[in-house]
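Colleague: Provide a 3D model corresponding to the input given below.
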Amino acid sequence: MPQFAAFLLLGLGLPLIVALAGVSSWTWIVLGAGAWGGGVLLKTLLGGPVGAACQALRPRQSFRSVWWGVWSAVCELGVAALVFAVVTPFPTLGEAIGFGVGAGSLEAFYVLYLAIRATGADGLVDASGRAVAAAPAGPVDRFQEWSGVLERFLASVGHLASRGLVWAGMQAAVLVPGLAFAVATFAAIDGVAFHGSVAKWDWADPGLSRRFYRFVAVVTGLELIAFLAAAGYLCRSVGCSVQ
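Modeller: Model (predicted):
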């Protein structure tokens, strides 16, 4: 299946390209993957009690979705910031890129695992990684057929850009607002995906799928532009290295 090969390319091919091209060492790629796992574990373990407290304060579903988006962003990006702060020397631009690629790579393998598990029941995984009902019989919608790969590609770019903004914001006071922007964009995507999952959106609906991924693409694009601008500023002002 070509989609399976595309997932492998995102999960394994990108780290290999980054490492073999000398952009980043495997150490930072592995650190990025480990930090992603640590962030997910943290938000999962503490998400229940923290979410219950928030639910008691304001039970509306919209509030729960916003809370989950912000909580997810703070946990994942907070762990990334912690790694940047404690590992010496501070990572170069290339190592920060490897860190983001590592995070996206491990999540790609995790989502692939969920998809393989889901094939025994209904074969589809929604934007939050949960199994959903199979698409009705009929003509195959190519966009829908490749939406999982598109979601992983956009997520991988988002992992790179958001962690890159954290990396940049930790080096210059003028770039600190980028940290808030990274949290906001990360929270927007995860919050909407969480809301759709809880509200039982029909992810097999091509129209809904297109609208959702159009939204994700716009937010991810803004995130990437912000990271490139921040990295460019650092390279001009203090110098930076991709190695």
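
Colleague: CA atoms for contacts and neighbours, from now on please.
Modeller: Will do.

Colleague: buried residues in the helix or strand hosting Ile29?
Modeller: If you go by DSSP states H and E, Ile29 is part of helix 26-57. Within helix 26-57, the residues that qualify as buried are 26, 28-40, 43, 47, 54, counting by 16 or more other Cα atoms under 10 Å.

Colleague: Quick check: what element follows that helix along the chain?
Modeller: Toward the C-terminal end, the helix or strand that comes next after helix 26-57 (DSSP H and E) is helix 61-86.

Colleague: Show me the shaky parts of this protein.
Modeller: Scanning the chain for pLDDT under 70 picks out 1, 54-55, 57-59, 119-140, 240-243.

Colleague: could you pull out the helices for it?
Modeller: Along the chain, the stretches classed as helices by DSSP state H are 2-8, 14-20, 26-57, 61-86, 93-118, 142-169, 177-198, 206-237.

Colleague: Quick check: phi and psi at Arg21.
Modeller: Quick fix: residue 21 is Ala, not Arg. Backbone torsions for Ala21, taken as degrees, to the nearest 10, come to phi -80, psi -10.

Colleague: Now do the residue nearest to Leu31 when sequence neighbours are not counted against Asp141, distance only.
Modeller: Across the structure, with Cα to Cα, 6 or more residues apart in numbering as the measure, the residue nearest Leu31 apart from its sequence neighbours is Phe99 (6.3 Å). Using Cα to Cα, to the nearest Å, one obtains 35 Å as the distance from Phe99 to Asp141.

Colleague: neighbour count winner among the two?
Modeller: More neighbours surround Phe99 than the other of Phe99 and Asp141, with 34 against 13 (other Cα atoms under 10 Å).
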